[in-house]
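1. Pasting the sequence and the predicted coordinates here, then a few questions.
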Amino acid sequence: MIRLWNKVRDWVLLLVLLLISISVLLSVNDPMVRGLRARALETTSSVEGWFSWLGNYYRAADENEALRNENHRLSSDLARAREASAVNDELREMLNLPLVEEYDVVAATIIYKDITRERNFMTIDIGSEHGISENMAVIDTRGILGKTVDVGARVSRVMTYLNGDFSIPVKISGSNSDGILRWDGDAFDRLAVDFVPLSQEINVSDMIVTSGYSGIFQPGLPVGVITQFSERPGLITWEISVRPFARLDNAQYVFVIRSVPIPDIMTSESVQ
């Protein structure tokens, strides 16, 4: 007990003296004591003011951080809303296409695409479970994109027009001339049309559409527009460059046309 008292004696004495000092300051009305009280009040007021400023600073910092987070959230919500609006507009435009009523079509989303090589493909999120099979036309609201080549249960691989193995018969709307559309591999925004005789009159801005002779692409589907043409020495056909309507780099939603409008051609091709 004595040992414990020795340990706390000094602290108890200090506490008693502090209490006595405080009581004296509060009770005595001597001018000197009043001066001490005033000085003490000024000191404590300054300290309180500093702590108050520090508290306000941290509260303001917390509020600014909360405002920044809220601004970021609202910006993200706005971006998502704009993207959703753009998607809805595109889907609405797709549903307004005449071919939606004319043909048996299925909407799909592109889940993968490679448009940086000589043979470019993309993958869509529908397959045999949705009635898809090989050699079906794939288009978007602007024009043709390619054809299905490998079909799984729920996904399909599409050969795009930017592929050296892709070619389809087409017509030039101005002269009604027939030709074969292909990609020469030189540019990702340019296709070529071959086998159009020099005797056929063509013009820049003439529209290129599918002829329907392949049995894959229905007739009249938009392909692109002639950007330039010229004669080739020693040849009797035009050299024609075409800008495709449907760009692969920003394509996102597509239609697969399941109906075949010319069954006789398909039958004759299968017999051969």
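-> Thanks, I have it. Just so we're clear, the structure is a prediction, and the values are computed from it rather than from any experiment.

2. With just CA atoms, put the helix or strand hosting V223 into CSV.
-> Using DSSP states H and E, V223 falls within strand 222-231. The C-alpha trace of strand 222-231 is given here as CSV (Å, rounded to 0.1, in the frame of the first residue of the first chain):
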residue,chain,number,x,y,z
PRO,A,222,-26.6,-2.2,-100.2
VAL,A,223,-22.9,-2.7,-100.5
GLY,A,224,-21.2,0.6,-101.2
VAL,A,225,-20.6,3.4,-103.7
ILE,A,226,-18.1,3.8,-106.5
THR,A,227,-15.3,6.2,-105.5
GLN,A,228,-13.2,6.0,-108.7
PHE,A,229,-12.7,3.9,-111.8
SER,A,230,-10.2,3.8,-114.6
GLU,A,231,-9.1,1.7,-117.6
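
3. Roughly how far does D125 sit from I132?
-> 11 Å (CB to CB, to the nearest Å). Every C-beta, even on glycine, is put in place using the N, C-alpha and C of the backbone.

4. more neighbours, these two?
-> I132 (22 against 15; other CB atoms under 10 Å).

5. Assess the claim that the more buried one and V256 are in contact.
-> Yes - using CB atoms under 8 Å, I132 is in contact with V256, at 5.7 Å.

6. which regions of the stretch 51-200 of the chain sit below the pLDDT cut-off?
-> For the stretch 51-200 of the chain, applying pLDDT under 70 flags the ranges 51-58, 60-61, 70, 72-101.

7. Do a quick rundown of the helices in it.
-> With DSSP state H, counting those that start in this stretch as the criterion, the stretch 51-200 of the chain has helices at 98-102.

8. and the closest residue to N120 other than its chain neighbours, how many neighbours?
-> Spatial nearest neighbour of N120, excluding adjacent residues (CB to CB, 6 or more residues apart in numbering): L162 at 4.3 Å. Residues lying near L162 (other CB under 10 Å) number 28.

9. Test my guess that L162 contacts I115.
-> Yes - counting by CB under 8 Å, L162 does reach I115; the two are 5.8 Å apart.

10. Now do the shared contacts for those two.
-> Taking CB atoms under 8 Å, 6 or more residues apart in numbering as the contact criterion, the common neighbours of L162 and I115 are F188, L248.

11. Could you report the separation of the nearest residue to S230 once chain neighbours are set aside from S173?
-> Nearest in space to S230, with sequence neighbours left out and distances taken as CB to CB, 6+ apart, is E239 at 5.2 Å. Between E239 and S173 the computed distance is 19 Å (CB to CB).

12. that older thread, for the strand holding V223, which strands pair with it and how are they oriented?
-> Paired strands of strand 222-231, with direction, are strand 207-210 (antiparallel), strand 238-244 (antiparallel) (DSSP bridges).

13. what ranges do the strands span in the chain?
-> Counting by DSSP state E, the segments of the chain that form strands are 105-114, 119-124, 137-139, 144-151, 156-163, 167-172, 177-182, 191-194, 207-210, 222-231, 238-244, 253-257.
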